[in-house]
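**Student:** no sequence on hand, only this structure:
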């Protein structure tokens, strides 16, 4: 069955009231939120869908089909910030939303939609948000995966979960990728993008520097992609593989490793869109690459692929199989036993061999 068709039978084309989604603001979760957008658009093709977004995640909205607008508004983490909530509520009230989907289960996430007087405010009861939400949903803990909890809010109350959800999509115009390559002095050849960062040190694979060296020895161009927090890792990887030399626009390939880390997430999106294969920890960039359709290798140690891998599927799911570890997956951000063997047991040579195979078969893995 076509994934889109399983929702299309109940489409209501008469309703044109705008919908606001209050998503989780971690990068990977924000990407996965596009599944919610797609389910809503299948139910109500003529209802505009907007996303509340942080400044960090805002570039993602530009590449999400079906999203009318991103409402960029930064709220401080860990603070009520009532003045900011009132300002956001005023902004939302001016847009006359008919429905708000509040995906996070926190009390704070539901304040502005309630103050804005959005008529229909849907979310799980969570932190006992009676009065802030008026369309409560129950049974969140019975839903197996993060995406099930979020996308279920876009369905009618009580509807069964579908066999498959629509996968997240990010679409970048080819001319924008070409301009980005030219601006960065990058060749037209297939490069390997490395994403060594993640939230939580336990999810970071140990051997990116060695992998970069092996990839360069095989004549491949390597890019290190990430944010400011990955700058130190990028320098280690560049030192191991050798600094990159630009191949020049239109040429077959450059040499060495290029540090493409920076503060603008758009740069990361374009790097992942341009890459021939992406190698990533369980991180936001893994979800970005997969949603773009770039062949993506996900390296998993403390987290379970069933729960956290992209819905889009991966060209390769890399998990250590050298020994049975009683602690794996621990879902912890810090390794408390076994010396991080869930990651250290994955050799650089193994990852590089998989990457070469993925590049050779066009990402069909």
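**Tutor:** Arrived safely. Remember, predicted model here, so these are calculated numbers, not experimental data.

**Student:** from the contact counts, what lies against the helix or strand residue 286 falls within?
**Tutor:** Assigned by DSSP states H and E, residue 286 belongs to helix 284-292. Contact partners of helix 284-292 among helices and strands, from 3 or more CB pairs under 8 Å, 6 or more residues apart in numbering; DSSP states H and E: helix 27-32, strand 191-195, helix 265-274, strand 277-281, strand 296-300. Bear in mind the C-beta positions are built from the backbone N, C-alpha and C, glycine included.

**Student:** would you format the ones you listed as a markdown table with distance to residue 202, mean pLDDT and mean neighbour count included?
**Tutor:** Listed next are the helices and strands packed on helix 284-292 as a markdown table, based on distance: least, CB to CB, whole Å; pLDDT from 0 to 100; neighbours: other CB atoms under 10 Å:
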| stretch | distance to residue 202 | mean pLDDT | mean neighbour count |
| --- | --- | --- | --- |
| helix 27-32 | 16 | 97 | 24 |
| strand 191-195 | 16 | 97 | 29 |
| helix 265-274 | 22 | 98 | 24 |
| strand 277-281 | 10 | 97 | 29 |
| strand 296-300 | 11 | 96 | 27 |
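
**Student:** tabulate those in CSV, adding columns for distance to residue 62.
**Tutor:** As requested, those are exported to CSV (distance: least, CB to CB, whole Å):
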stretch, distance to residue 62
helix 27-32, 13
strand 191-195, 20
helix 265-274, 8
strand 277-281, 20
strand 296-300, 21
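
**Student:** nearest to residue 46, out of those?
**Tutor:** Distance to residue 46, taken as CB to CB, is lowest for helix 27-32 among the helices and strands packed on helix 284-292, at 24.6 Å.

**Student:** what is that closest one packed up against?
**Tutor:** Packed next to helix 27-32, using 3+ CB pairs under 8 Å, 6+ apart, are helix 58-61, helix 146-151, helix 284-292.

**Student:** which stretches of the stretch 151-300 of the chain have low pLDDT?
**Tutor:** Within the stretch 151-300 of the chain, the segments meeting pLDDT under 70 span 244-255.

**Student:** and the helices in it?
**Tutor:** With helices called from DSSP state H, counting those that start in this stretch, the stretch 151-300 of the chain shows them at 174-183, 208-217, 231-241, 265-274, 284-292.

**Student:** list the buried residues of the shortest one.
**Tutor:** Within helix 284-292, the residues scored as buried using 16 or more other CB atoms under 10 Å are 284, 285, 286, 287, 288, 289, 290, 291, 292.

**Student:** same deal with stretch 229-242?
**Tutor:** 230, 233, 234, 237, 238, 240, 241.
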